[in-house]
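> Pasting a predicted model and its sequence here:
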There are 4 protein chains.
Amino acid sequence: MGFLKLGEVVLLFDQRSKKYLVRVDPAKEFHTDFGKIRLSELLKKDYGEEIQSHLGRTFKIIKPRISDLISKIERPGTIVLSKDVGQIVAGTGVGPGDFILDAGTGSGALAIYLGYLVQPNGKVITYEIKSEFIEIAKRNIELVGLNHIITVKNKDVTQGFEENEVDLITLDLSSPEKVIEHAKSALKAGGYVVIYSPFIEQVQKVNEALHRYSLQEIKTIECLTREIEVTKRGTRPKTRMVGHTGYLTFARKI
Amino acid sequence: MGFLKLGEVVLLFDQRSKKYLVRVDPAKEFHTDFGKIRLSELLKKDYGEEIQSHLGRTFKIIKPRISDLISKIERPGTIVLSKDVGQIVAGTGVGPGDFILDAGTGSGALAIYLGYLVQPNGKVITYEIKSEFIEIAKRNIELVGLNHIITVKNKDVTQGFEENEVDLITLDLSSPEKVIEHAKSALKAGGYVVIYSPFIEQVQKVNEALHRYSLQEIKTIECLTREIEVTKRGTRPKTRMVGHTGYLTFARKI
Amino acid sequence: MGFLKLGEVVLLFDQRSKKYLVRVDPAKEFHTDFGKIRLSELLKKDYGEEIQSHLGRTFKIIKPRISDLISKIERPGTIVLSKDVGQIVAGTGVGPGDFILDAGTGSGALAIYLGYLVQPNGKVITYEIKSEFIEIAKRNIELVGLNHIITVKNKDVTQGFEENEVDLITLDLSSPEKVIEHAKSALKAGGYVVIYSPFIEQVQKVNEALHRYSLQEIKTIECLTREIEVTKRGTRPKTRMVGHTGYLTFARKI
Amino acid sequence: MGFLKLGEVVLLFDQRSKKYLVRVDPAKEFHTDFGKIRLSELLKKDYGEEIQSHLGRTFKIIKPRISDLISKIERPGTIVLSKDVGQIVAGTGVGPGDFILDAGTGSGALAIYLGYLVQPNGKVITYEIKSEFIEIAKRNIELVGLNHIITVKNKDVTQGFEENEVDLITLDLSSPEKVIEHAKSALKAGGYVVIYSPFIEQVQKVNEALHRYSLQEIKTIECLTREIEVTKRGTRPKTRMVGHTGYLTFARKI
């Protein structure tokens, strides 16, 4: 057992299971509707312990998991949801040591989870053309402590990648079909490219490109998750669900 | 560049994109409907190169990814599919260093992918009561080279776990509700338990137990994936799909 | 060609395709955000013609279809949606001359569409125990002009039905399992009972009762519809969808 | 109570709930794996009674519902499934007196159910270009006794319809976009056109045409039904399901 350290990122759970991500900082207070918390007090606490607000409310101190961090990062637009990230990761067998390219970065959410998984010897290079997204992504990568694993490049990938012998390339772009030839050059034999596309027209074009450049094991899926409500009144699927995020197209260089 | 080593596990792709998992072994031949391959010849080859069968057919030599290995392991019954593994992994933020308990082992497929992800410092302990499954799981773990990460225990988890300060517990058992109290004791603060259940009655009972033992962030989902066919004739979802595998229930110790 | 008659129920479409259901009434004005319409003027119009509001906005006069009427009826709670009504109707082959029992009535929406379909020689008897629903249902039945086909009875069907030789019985009740024995007595050979249940516990109980009373061709389904957006930006399923309404259980007396 | 008549079409249920559609005919025997049935004996029976095979097996005599007849008709290819027919019927409010155009006919299944519903004063005109389908459709229409309601025309609808003031037009054709202008001319104000298309490219083209010709309330849906298994082992959705039949596009002339 020890104490939390200066700058450490910590999750606080209140008694309604509401979560807050805070950084240990002796100079700051954190405001919630359950009262103010002096963040300097965290220096005398450890994970699993509790801290009180000035209103006497109790908050549990939890070491955040990567999924907690991603759920709390700054996001300018939509991010690839956990349900789709899971399909990418398990469908391509992402793991330690993988060398991954990602474009476009957006808020960096996908790059961050991939970067987390390839530790300690893997690398993620994420390409983005909009500088405002790059700033946000860099802040998010710093927050989760993955600067040594993830590099953000401000470059248009329709002009090609600078890397090769890559295990996985993930594309979340408006015209992914323009990147397939470059993706094939960058991949190692057995490597995957995965394209995330909200629109079916993108799926049609990217499939055409994947066939043209002789990628193998081409497969497009959509993933739907439905929540089941289990209450005293009874069990049933939730009335509302997410009907669509994006299609996922997988292909492999052989 | 170098040469493949004795005992190395290698993926061969024929020209129809059919995959074969073989082990480099100078004493053996591998039979396919495209002809016989002398496995001793692999000692003079490297990944990305090709090998010929005695019928002159070409096979590409690929370093298998963990997903290739899992798709080829010995399986006595059904395994948790990639679509559901992806939900577990991304939904709980599995990654390097995690300490994971898994029950029951079955063929070991889930334990293997979790073990792969927690490298190099994490651990997976997988519990199984049927000794015939234990033998199969051990062979599969040896095949993928994860003996140093994954331990198989022949023990009934309704009697409790021997570990604590655990990050994640995965349960694929007929009566998971009998294990929830033990799971709570074994988990660290912030850790997850995930239950895979084919039947809704199991979901009902396990939700009741999760509430009884005050687990938090309780959520049951089902995950459906649908393949989209993109052909010259047109684009449409495949006519047949998997309508159900199992429900996934997530909960967290706070 | 002729003129609309006093008391006739008419659909008005404004230029945004917004629909209004009005009754021809010389004494009344109808207020919309596109201006007031004098309903007396409808007496000089026919279907397919147009009418102006005092703001000069044009409204198209359309003869309402039964689906228009049902979408505009008074509803105290939720109604069985068109997607589920379609499954009931096509799955059991509802049509002219059928003799149908329905319980509980609610707003009468299901009884109304069934009553419409069994014209001119069929009958629908709908049972309801709550008198406030009976008043609403009667107003709705009067609105669509089906008083001669549909009878509302204020009676608890767990005590039995008063009819027999029935083609179809529809149940939308909290404890449908208590009515299965009575449903079987009332049905003719070849007739169907269809149970609509929001909760899976109701499905479990009603299936048990259907087996106990030897009903045949027992089948439970859920029906999901997903809207596809086709816009200039591209084609994709809508982001949000209805994830659940109710399960439909079909069974037949042989 | 009376007796079955010569030529009457009757449903026989054996004790496994297997169904047979037979026609009362004194000259014929009907062969099943439960033995032969002399169809002349049906002249001494009524609905709800039983008949024995020469092996002493009992068959229940049931008056077929329209859904029984459609499930037993001759079909050269696939037919629009009951789940989709239900969406068309309930979504457009089909009922007695409607005047409906249908193209192409195929086996006539959709025209038959529509024809059944518009009785006694409605009409269905169904267009088909392939003469082999016309023969099959005519036999099917004769079998269900709807010759007075349904007319089959051997004509290419991309050349236009011969009717107007139509309530509903259903299109199940490879290039429905070529028929939208004609459909609009034929429809009455408030009438619907519904297009059934297996491929998304057809949906894209037909939506474009519907907008070009100013149809209103344009909406494309897909309908999925999933069967729930309720057995002693537990309750769960079936492992296999139909993942796709066709998209349904609705539009209305205002």
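Received the coordinates, thanks.
> on contacts alone, who are the packing partners of the longest strand along chain A?
Longest strand in chain A, counting residues (DSSP state E): strand A:216-231. Applying 3 or more CB pairs under 8 Å, 6 or more residues apart in numbering or on different chains; DSSP states H and E, one finds that strand A:216-231 contacts helix A:82-92, helix A:200-212, strand A:234-237, strand A:240-242, strand A:247-252, helix B:200-212, strand B:216-231. For the C-beta atoms, the positions are set from N, CA and C on the backbone; glycine is no exception.
> These into a markdown table, with extra columns for mean neighbour count and mean pLDDT?
Output for those, formatted as a markdown table (neighbours: other CB atoms under 10 Å in any protein chain shown; pLDDT from 0 to 100):
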| stretch | mean neighbour count | mean pLDDT |
| --- | --- | --- |
| helix A:82-92 | 24 | 97 |
| helix A:200-212 | 21 | 98 |
| strand A:234-237 | 21 | 98 |
| strand A:240-242 | 16 | 97 |
| strand A:247-252 | 24 | 98 |
| helix B:200-212 | 21 | 98 |
| strand B:216-231 | 19 | 97 |
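> want to try JSON lines for these, with distance to residue C:14 as columns?
Listed next are these as JSON lines, based on distance: least, CB to CB, whole Å:
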{"stretch": "helix A:82-92", "distance to residue C:14": "40"}
{"stretch": "helix A:200-212", "distance to residue C:14": "33"}
{"stretch": "strand A:234-237", "distance to residue C:14": "36"}
{"stretch": "strand A:240-242", "distance to residue C:14": "29"}
{"stretch": "strand A:247-252", "distance to residue C:14": "37"}
{"stretch": "helix B:200-212", "distance to residue C:14": "46"}
{"stretch": "strand B:216-231", "distance to residue C:14": "39"}
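> ok so, going back, taking helix A:82-92 as reference, get the angle to the longest strand of chain A.
Interaxial angle, strand A:216-231 versus helix A:82-92 (axes from the mean of the first three to the mean of the last three CA atoms, to 10 degrees): 140 degrees.
> strands paired with strand A:216-231, and their directions?
Its sheet considered, strand A:216-231 pairs with strand A:234-237 (antiparallel), strand A:247-252 (antiparallel), strand B:216-231 (antiparallel) by DSSP bridges.
> Next, the nearest residue to residue A:149 once chain neighbours are set aside: secondary structure please.
Among residues not flanking residue A:149 along the chain, residue A:115 sits closest, at 4.3 Å (CB to CB, 6 or more residues apart in numbering or on different chains). Under the three-state scheme (DSSP: H, G, I helix; E, B strand; the rest coil), residue A:115 adopts helix.
> burial of residue A:121, as a residue count?
Residues near residue A:121, counting by other CB atoms under 10 Å in any protein chain shown, number 12.
> tell me the SS of the closest residue in space to it that isn't next to it in sequence?
Nearest residue to residue A:121 in three dimensions, chain neighbours excluded: residue A:97, at 4.8 Å (CB to CB, 6+ apart). Following three-state DSSP, residue A:97 is assigned to coil.
> And residue A:97, its phi and psi?
For residue A:97, the backbone dihedrals are phi 90, psi -10 (criterion: degrees, to the nearest 10).
> So it versus residue A:155, what's the distance?
24 Å (CB to CB, to the nearest Å).
> Over to residue A:178?
14 Å.
> ok, now residue A:205?
Distance, residue A:205 to residue A:155, using CB to CB: 22 Å.
> Would you confirm that residue A:117 contacts residue A:98?
Yes - with contact defined as CB atoms under 8 Å, residue A:117 counts as touching residue A:98 (7.4 Å).
> Look at the two and report which has more neighbours.
Per other CB under 10 Å, whichever of residue A:117 and residue A:98 has more neighbours is residue A:117, with 26 against 23.
> ok, the nearest residue to residue A:8 once chain neighbours are set aside - contacts?
Once flanking residues are discounted, residue A:8 sits nearest to residue A:24: 4.7 Å by CB to CB, 6+ apart. By CB atoms under 8 Å, 6 or more residues apart in numbering or on different chains, the contact list for residue A:24 reads A:4-10, A:39, A:42-43.
> same thing with residue A:72?
A:19, A:21, A:64.
> next one: phi and psi at it?
Backbone torsions of residue A:72, given as degrees, to the nearest 10, read phi -110, psi 0.
> And it, what's its pLDDT?
pLDDT, residue A:72: 92.
> how far away is whatever residue of the stretch 151-254 of chain A ends up closest to chain D from chain B?
Scanning the stretch 151-254 of chain A for proximity to chain D using CB to the nearest CB identifies residue A:200 as nearest, at 5.5 Å. Taking CB to the nearest CB, to the nearest Å as the measure, residue A:200 falls 6 Å from chain B.
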